[in-house]
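Novice: Below: sequence and its predicted model.
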Amino acid sequence: MSEPIRDWPELRAFALSLDLPKVEDAVSWGNPNLKAHGKLWCWWSPYIDAAIFKGSAEERDMLMAAAPETFVIHDHYVNTGLILVAGGKIERDWAEARLRRTWRALAPKKWLASHDATSR
């Protein structure tokens, strides 16, 4: 089993290693992040030691109930669908699946269809 991702530099390097097109470094609200297709894709919370991934409140709540030491929350994110994963607890397989799924969800449908057709 590989070591979990511990911090933003590791998460950033891991996400970029997936070599997905249309991913770029960005800064939002003074904090570094990665955007996919011009939209926030993943970043590190400035409030607690945790990575932030897009998801839904229902999924976040289920994950938090199943593994509260891994999936955490901060008051700032309670009313969002964002999923926070504690630094040092981010499983690489989980992160890869989440990042790939979110990357596809953020892609414009027409662009994605063209990309899929040329990537086979």
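Specialist: Now that the structure is in, tell me what you want to look at. Small disclaimer: the values here were computed from a predicted structure and weren't measured.
Novice: Now do stretch 15-28: distance from first to last residue.
Specialist: The stretch stretch 15-28 measures 18 Å between its terminal residues, going by C-alpha to C-alpha, to the nearest Å.
Novice: list the buried ones in that stretch?
Specialist: Buried residues in stretch 15-28, counted by 16 or more other C-beta atoms under 10 Å: 15, 20, 22-23. In this view, the C-beta of every residue, glycine as well, is placed from N, C-alpha and C.
Novice: Closest one of the residues you listed to Y47?
Specialist: When these are compared for distance to Y47 (C-beta to C-beta), A15 wins out at 20.4 Å.
Novice: Check which helices and strands the helix or strand where that closest one lies is in contact with.
Specialist: In this structure, A15 sits in helix 8-17 according to DSSP states H and E. Identification of packing neighbours for helix 8-17 by 3 or more C-beta pairs under 8 Å, 6 or more residues apart in numbering; DSSP states H and E yields strand 23-28, strand 31-36, strand 39-44, helix 92-106.
Novice: Good, wrapping up.
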